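Q: Sequence and predicted model, in that order:
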Amino acid sequence: MTTTPNTHLLLIEDDHELAHWICDYLAEKSFTVSLCHRGDEAPQQILSLNPDLVILDGMLPGLDGLDVCKQVRPQYCGPILMLTARDEDMDEVLGLEMGADDYLTKPVRARVLLARIRALLRRHNPTSVEPAPPGNIESIEIQGLLVDKSARTVTLQGETIDVSSKEFDLLWLLAKSAGELVTRDFLTQSLRGFEYDGFDRSIDLRISRLRKKLGDNPVAPFRIKTVWGQGYQLVREAW
(Lines give C-alpha, C1' and ligand atoms only; values in the text may rest on other atoms or scores of the structure.)
Protein backbone atom coordinates (compact mmCIF):
# COMPACT_ATOMS: atom_id res chain seq x y z
CA MET A 1 0.00 0.00 0.00
CA THR A 2 1.25 3.48 -0.83
CA THR A 3 0.53 5.87 2.01
CA THR A 4 -1.36 8.94 0.86
CA PRO A 5 -0.23 12.24 2.41
CA ASN A 6 -3.60 12.71 4.15
CA THR A 7 -3.68 9.32 5.90
CA HIS A 8 -4.46 10.41 9.45
CA LEU A 9 -3.47 8.37 12.50
CA LEU A 10 -4.32 9.10 16.14
CA LEU A 11 -1.78 7.83 18.69
CA ILE A 12 -2.99 7.52 22.29
CA GLU A 13 0.06 6.85 24.47
CA ASP A 14 1.00 8.25 27.91
CA ASP A 15 4.74 7.53 27.59
CA HIS A 16 5.81 10.88 26.13
CA GLU A 17 9.21 9.70 24.91
CA LEU A 18 7.76 6.66 23.14
CA ALA A 19 4.88 8.70 21.75
CA HIS A 20 7.12 11.30 20.16
CA TRP A 21 9.41 8.60 18.73
CA ILE A 22 6.42 6.87 17.12
CA CYS A 23 5.08 10.19 15.81
CA ASP A 24 8.43 11.13 14.27
CA TYR A 25 8.84 7.69 12.67
CA LEU A 26 5.36 7.63 11.17
CA ALA A 27 5.67 11.23 9.96
CA GLU A 28 8.77 10.14 8.04
CA LYS A 29 6.55 7.51 6.36
CA SER A 30 4.17 10.28 5.18
CA PHE A 31 1.45 9.78 7.79
CA THR A 32 -0.28 12.67 9.55
CA VAL A 33 -0.24 11.83 13.26
CA SER A 34 -2.28 13.40 16.08
CA LEU A 35 -1.32 12.68 19.68
CA CYS A 36 -3.28 12.17 22.90
CA HIS A 37 -1.73 11.26 26.26
CA ARG A 38 -4.78 10.46 28.44
CA GLY A 39 -7.40 7.72 28.33
CA ASP A 40 -10.21 9.93 29.62
CA GLU A 41 -9.60 12.35 26.74
CA ALA A 42 -9.27 9.62 24.12
CA PRO A 43 -12.94 8.90 23.27
CA GLN A 44 -13.67 12.54 22.46
CA GLN A 45 -10.48 12.78 20.38
CA ILE A 46 -11.29 9.62 18.41
CA LEU A 47 -14.87 10.63 17.65
CA SER A 48 -14.11 14.25 16.81
CA LEU A 49 -11.02 13.62 14.67
CA ASN A 50 -12.32 10.38 13.11
CA PRO A 51 -8.81 9.27 12.08
CA ASP A 52 -8.11 6.58 9.49
CA LEU A 53 -6.57 4.43 12.26
CA VAL A 54 -6.13 4.60 16.04
CA ILE A 55 -3.02 3.34 17.86
CA LEU A 56 -4.22 2.80 21.44
CA ASP A 57 -2.06 2.00 24.46
CA GLY A 58 -3.60 -0.51 26.85
CA MET A 59 -2.56 1.22 30.10
CA LEU A 60 -3.55 4.89 30.23
CA PRO A 61 -4.26 7.46 32.96
CA GLY A 62 -7.89 8.37 33.48
CA LEU A 63 -9.38 5.48 31.48
CA ASP A 64 -7.95 2.07 30.57
CA GLY A 65 -7.30 1.41 26.88
CA LEU A 66 -9.71 -1.54 26.87
CA ASP A 67 -12.49 0.70 28.18
CA VAL A 68 -11.66 3.37 25.60
CA CYS A 69 -11.95 0.74 22.86
CA LYS A 70 -15.25 -0.58 24.21
CA GLN A 71 -16.67 2.93 24.55
CA VAL A 72 -15.88 4.20 21.04
CA ARG A 73 -16.32 1.03 18.99
CA PRO A 74 -20.10 1.42 18.42
CA GLN A 75 -19.47 4.84 16.79
CA TYR A 76 -15.95 4.59 15.38
CA CYS A 77 -15.64 2.38 12.29
CA GLY A 78 -11.91 2.66 11.63
CA PRO A 79 -9.26 0.12 12.70
CA ILE A 80 -7.85 0.14 16.23
CA LEU A 81 -4.34 -1.19 16.89
CA MET A 82 -3.70 -1.79 20.58
CA LEU A 83 -0.31 -1.61 22.27
CA THR A 84 0.25 -3.73 25.38
CA ALA A 85 3.21 -3.87 27.75
CA ARG A 86 2.10 -7.26 29.09
CA ASP A 87 2.73 -10.35 27.01
CA GLU A 88 -0.41 -12.14 28.15
CA ASP A 89 -2.97 -13.92 26.00
CA MET A 90 -5.81 -12.60 28.19
CA ASP A 91 -4.93 -8.98 27.43
CA GLU A 92 -4.84 -9.72 23.73
CA VAL A 93 -8.12 -11.69 23.75
CA LEU A 94 -9.86 -8.99 25.80
CA GLY A 95 -8.63 -6.31 23.42
CA LEU A 96 -9.96 -8.15 20.39
CA GLU A 97 -13.27 -8.85 22.11
CA MET A 98 -13.64 -5.18 23.02
CA GLY A 99 -13.35 -4.28 19.34
CA ALA A 100 -9.64 -3.88 18.63
CA ASP A 101 -8.54 -5.06 15.18
CA ASP A 102 -4.98 -6.00 16.09
CA TYR A 103 -2.49 -5.72 18.94
CA LEU A 104 1.24 -5.22 19.29
CA THR A 105 3.31 -6.12 22.34
CA LYS A 106 5.89 -3.62 23.60
CA PRO A 107 8.72 -2.90 23.09
CA VAL A 108 7.49 -1.47 19.80
CA ARG A 109 9.57 -2.38 16.75
CA ALA A 110 9.30 0.25 14.06
CA ARG A 111 9.07 -2.02 11.02
CA VAL A 112 6.54 -4.34 12.67
CA LEU A 113 4.40 -1.36 13.70
CA LEU A 114 4.47 -0.02 10.15
CA ALA A 115 3.56 -3.43 8.69
CA ARG A 116 0.58 -3.78 11.06
CA ILE A 117 -0.67 -0.27 10.26
CA ARG A 118 -0.44 -0.81 6.51
CA ALA A 119 -2.16 -4.20 6.72
CA LEU A 120 -5.06 -2.73 8.71
CA LEU A 121 -5.43 0.21 6.34
CA ARG A 122 -5.47 -2.12 3.34
CA ARG A 123 -8.33 -4.11 4.85
CA HIS A 124 -10.38 -1.15 6.06
CA ASN A 125 -9.65 1.50 3.44
CA PRO A 126 -9.25 -0.02 -0.04
CA THR A 127 -8.11 2.71 -2.42
CA SER A 128 -10.39 1.59 -5.19
CA VAL A 129 -12.92 -1.06 -6.08
CA GLU A 130 -11.97 -2.84 -9.27
CA PRO A 131 -14.05 -5.28 -11.30
CA ALA A 132 -13.18 -8.87 -10.62
CA PRO A 133 -10.88 -10.36 -13.28
CA PRO A 134 -12.41 -13.08 -15.46
CA GLY A 135 -12.48 -16.38 -13.60
CA ASN A 136 -12.12 -14.73 -10.19
CA ILE A 137 -14.31 -16.54 -7.65
CA GLU A 138 -17.03 -14.31 -6.19
CA SER A 139 -19.00 -16.90 -4.21
CA ILE A 140 -18.47 -20.40 -2.84
CA GLU A 141 -21.29 -22.87 -2.18
CA ILE A 142 -20.58 -25.99 -0.14
CA GLN A 143 -23.75 -27.99 0.46
CA GLY A 144 -25.89 -25.66 2.63
CA LEU A 145 -23.14 -23.09 3.15
CA LEU A 146 -22.92 -20.06 0.83
CA VAL A 147 -20.08 -17.57 1.20
CA ASP A 148 -20.59 -14.55 -1.08
CA LYS A 149 -17.47 -12.43 -1.48
CA SER A 150 -19.06 -9.62 -3.49
CA ALA A 151 -21.82 -9.08 -0.89
CA ARG A 152 -19.60 -10.24 2.01
CA THR A 153 -22.42 -12.38 3.37
CA VAL A 154 -22.61 -15.89 4.81
CA THR A 155 -25.72 -18.05 4.52
CA LEU A 156 -26.20 -21.45 6.17
CA GLN A 157 -29.23 -23.57 5.23
CA GLY A 158 -30.92 -20.42 3.90
CA GLU A 159 -30.31 -18.41 7.08
CA THR A 160 -28.03 -15.36 7.04
CA ILE A 161 -25.21 -15.65 9.58
CA ASP A 162 -23.97 -12.42 11.14
CA VAL A 163 -20.17 -12.43 10.93
CA SER A 164 -17.65 -9.63 11.38
CA SER A 165 -15.42 -8.47 8.55
CA LYS A 166 -12.43 -10.29 10.05
CA GLU A 167 -14.43 -13.49 10.51
CA PHE A 168 -15.63 -13.31 6.91
CA ASP A 169 -12.08 -12.94 5.58
CA LEU A 170 -10.99 -16.00 7.55
CA LEU A 171 -13.99 -18.09 6.45
CA TRP A 172 -13.41 -17.10 2.82
CA LEU A 173 -9.84 -18.40 2.91
CA LEU A 174 -10.96 -21.67 4.50
CA ALA A 175 -13.85 -22.10 2.04
CA LYS A 176 -11.58 -21.51 -0.97
CA SER A 177 -9.51 -24.48 0.19
CA ALA A 178 -12.37 -26.61 1.55
CA GLY A 179 -11.24 -30.14 2.34
CA GLU A 180 -7.60 -29.08 2.49
CA LEU A 181 -5.30 -27.99 5.30
CA VAL A 182 -4.87 -24.22 5.59
CA THR A 183 -1.85 -23.49 7.75
CA ARG A 184 -1.66 -20.94 10.55
CA ASP A 185 1.36 -19.43 8.80
CA PHE A 186 -0.71 -18.77 5.65
CA LEU A 187 -3.70 -17.42 7.59
CA THR A 188 -1.58 -15.11 9.74
CA GLN A 189 0.35 -13.77 6.76
CA SER A 190 -2.79 -13.30 4.66
CA LEU A 191 -5.00 -11.76 7.33
CA ARG A 192 -2.57 -9.91 9.56
CA GLY A 193 0.36 -9.11 7.28
CA PHE A 194 3.15 -10.77 9.25
CA GLU A 195 4.58 -14.23 9.86
CA TYR A 196 3.13 -16.49 12.55
CA ASP A 197 5.41 -16.30 15.61
CA GLY A 198 4.04 -19.30 17.50
CA PHE A 199 2.30 -17.12 20.10
CA ASP A 200 -0.34 -15.14 18.22
CA ARG A 201 -3.85 -16.34 19.19
CA SER A 202 -6.06 -13.97 17.18
CA ILE A 203 -6.73 -16.53 14.41
CA ASP A 204 -7.70 -19.13 17.04
CA LEU A 205 -10.12 -16.64 18.57
CA ARG A 206 -11.78 -15.95 15.21
CA ILE A 207 -12.06 -19.70 14.55
CA SER A 208 -13.78 -20.15 17.91
CA ARG A 209 -16.29 -17.41 17.07
CA LEU A 210 -16.97 -18.85 13.62
CA ARG A 211 -17.57 -22.31 15.05
CA LYS A 212 -20.14 -20.92 17.47
CA LYS A 213 -21.94 -18.94 14.78
CA LEU A 214 -21.91 -21.82 12.28
CA GLY A 215 -23.28 -24.40 14.70
CA ASP A 216 -20.05 -26.35 15.09
CA ASN A 217 -19.18 -28.39 18.15
CA PRO A 218 -16.56 -26.45 20.18
CA VAL A 219 -15.38 -29.61 21.96
CA ALA A 220 -15.24 -31.92 18.92
CA PRO A 221 -15.45 -29.66 15.83
CA PHE A 222 -16.79 -31.37 12.72
CA ARG A 223 -17.17 -28.38 10.38
CA ILE A 224 -13.94 -26.48 10.97
CA LYS A 225 -11.41 -28.99 12.22
CA THR A 226 -8.14 -28.20 13.94
CA VAL A 227 -5.08 -29.91 12.50
CA TRP A 228 -2.92 -29.79 15.60
CA GLY A 229 0.34 -27.92 15.22
CA GLN A 230 -0.47 -26.96 11.63
CA GLY A 231 -3.74 -25.13 11.03
CA TYR A 232 -7.38 -25.69 10.10
CA GLN A 233 -9.54 -27.52 7.60
CA LEU A 234 -13.08 -26.68 6.51
CA VAL A 235 -14.84 -30.03 5.98
CA ARG A 236 -16.78 -30.27 2.70
CA GLU A 237 -19.35 -32.84 3.81
CA ALA A 238 -20.45 -31.16 7.05
CA TRP A 239 -22.88 -28.46 5.80
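A: Yep, it's here.
Q: got the contact list for residue 77?
A: With CB atoms under 8 Å, 6 or more residues apart in numbering as the criterion, no residue contacts residue 77. Heads up, the C-betas are built off the backbone N, CA and C, glycines and all.
Q: which stretches of the protein form helices?
A: 16-28, 42-49, 65-72, 89-97, 110-124, 165-176, 184-192, 202-213 (DSSP state H).
Q: out of these, deepest packed?
A: Most buried of these, by mean neighbour count (mean count of other CB atoms under 10 Å): helix 65-72, with a mean of 22.
Q: before we move on, the earlier item: any idea which of the helices of the chain gets closest to residue 230?
A: Of all the helices of the chain, it is helix 184-192 that lies closest to residue 230, at 7.1 Å by CB to CB.
Q: So what angle separates the directions of that closest one and helix 202-213?
A: Angle of helix 184-192 versus helix 202-213, following axes from the mean of the first three to the mean of the last three CA atoms, to 10 degrees, is 90 degrees.
Q: helices or strands up against helix 184-192?
A: Contacts defined by 3 or more CB pairs under 8 Å, 6 or more residues apart in numbering; DSSP states H and E place helix 184-192 against helix 165-176, helix 202-213, strand 231-234.
Q: export these to JSON lines and tack on mean pLDDT?
A: JSON lines is the format used below for the helices and strands packed on helix 184-192 (pLDDT from 0 to 100):
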{"stretch": "helix 165-176", "mean pLDDT": "90"}
{"stretch": "helix 202-213", "mean pLDDT": "90"}
{"stretch": "strand 231-234", "mean pLDDT": "93"}
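Q: Of those, which is nearest residue 67?
A: Going by CB to CB, the one of these nearest residue 67 is helix 202-213, 19.8 Å.
Q: For this protein, which helix or strand comes out least confident on mean pLDDT?
A: Ranked by mean pLDDT, DSSP states H and E, the weakest helix or strand in the chain is helix 89-97, scoring a mean of 56.
Q: do you know how far the residue sitting nearest the centre point of the chain is from residue 67?
A: Closest residue to the average C-alpha location of the chain: residue 101 at 3.6 Å, with CA atoms, centre = their mean. Separation of residue 101 from residue 67 (CB to CB, to the nearest Å) stands at 17 Å.
Q: how is the chain carved up into domains?
A: 8-124, 139-234 (the TED database).
Q: The nearest residue in space to residue 103 that is not next to it in sequence: what's it in contact with?
A: Spatial nearest neighbour of residue 103, chain neighbours left out: residue 82 (4.4 Å); criterion: CB to CB, 6 or more residues apart in numbering. If a contact means CB under 8 Å, 6+ apart, then residue 82 has 56, 57, 58, 65, 69, 95, 100, 102, 103, 104 as its contacts.
Q: Can you tell me the closest non-neighbouring residue to the fourth one?
A: The shortest distance from residue 65 to any residue other than its chain neighbours is 4.1 Å, reached at residue 58 (CB to CB, 6+ apart).
Q: And for the one you found, the neighbour number?
A: Neighbourhood size, residue 58 [other CB atoms under 10 Å]: 23.
Q: Take the helices and strands packed on helix 184-192 and lay them out in TSV including distance to residue 142.
A: Converted to TSV, those look like this (distance: least, CB to CB, whole Å):
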stretch	distance to residue 142
helix 165-176	6
helix 202-213	14
strand 231-234	8
